[in-house]
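Colleague: What follows is a predicted structure for the sequence shown.
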Amino acid sequence: MAAQFPPLRQWLQWTFLRYLGASMVALAADMGLFLLLLAADWPAAAASATSYAIGIGVHWLISSRFVFVHGARTAGIGRVRQKALFLGSAFAGLAITVLLVSAGEAAGIDARLSKLTAIAVSFLTTYILRKTLVFPVGNRLPQ
């Protein structure tokens, strides 16, 4: 399909835009679950951590198959190392998310607003980590 529509093919070649799309899908899973857990009277920080963890799984599946295709490993120690680095980047994003949501809650800020702030900060942080450390194209990980 992309070959038939040159602008679509060009867009799909842009790693950042593919990452943005993957993040939007993962965010939909994250926010949907976050709002459901808040409605079930979960504490905001616990709801945020749980929903973020589900988003991590969704993001890994999309990132390793569609976003960073040239830097992704498919087997062996390189794949294991890449999963560990991805998980490390996710923990950095999770820490940012929980910290900002908890701080917002302590300051009396609506949890949804705190979560939106955390999304932006976490998005940029994890993109940089994943682009440079997890899926480096020019600096390939060992197979």
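Modeller: Nice, thanks for sending it over. Residues are numbered from 1 along each chain as shown.

Colleague: and Leu94, how many residues sit next to it?
Modeller: Here the neighbour count serves as a burial measure; for Leu94 (other CB atoms under 10 Å) it reads 20. Using the backbone N, CA and C atoms, a C-beta is placed for each residue, glycine as well.

Colleague: Please go through this structure and pick out the longest helix.
Modeller: In the chain, ranked by residue count with DSSP state H as the criterion, the top helix is helix 76-106.

Colleague: So Asp101 versus Ala22, what's the distance?
Modeller: Small correction: residue 101 is Val, not Asp. Taking CB to CB, to the nearest Å as the measure, Val101 falls 22 Å from Ala22.

Colleague: go on, Ala90?
Modeller: Taking CB to CB as the measure, Ala90 falls 13 Å from Ala22.

Colleague: Pull up the overlap in contacts between these two.
Modeller: With contacts taken as CB atoms under 8 Å, 6 or more residues apart in numbering, the residues that reach both Ala90 and Ala22 are His59.

Colleague: Report how many residues lie close to Gly108.
Modeller: Neighbouring residues of Gly108 were enumerated by other CB under 10 Å; the total is 6.

Colleague: does it count as helix, strand or coil?
Modeller: With DSSP: H, G, I helix; E, B strand; the rest coil as the basis, Gly108 sits in coil.

Colleague: Which pLDDT does the model give it?
Modeller: If you check Gly108, the pLDDT there is 94.

Colleague: Lys83 too?
Modeller: In this model, Lys83 is scored at 84, pLDDT.
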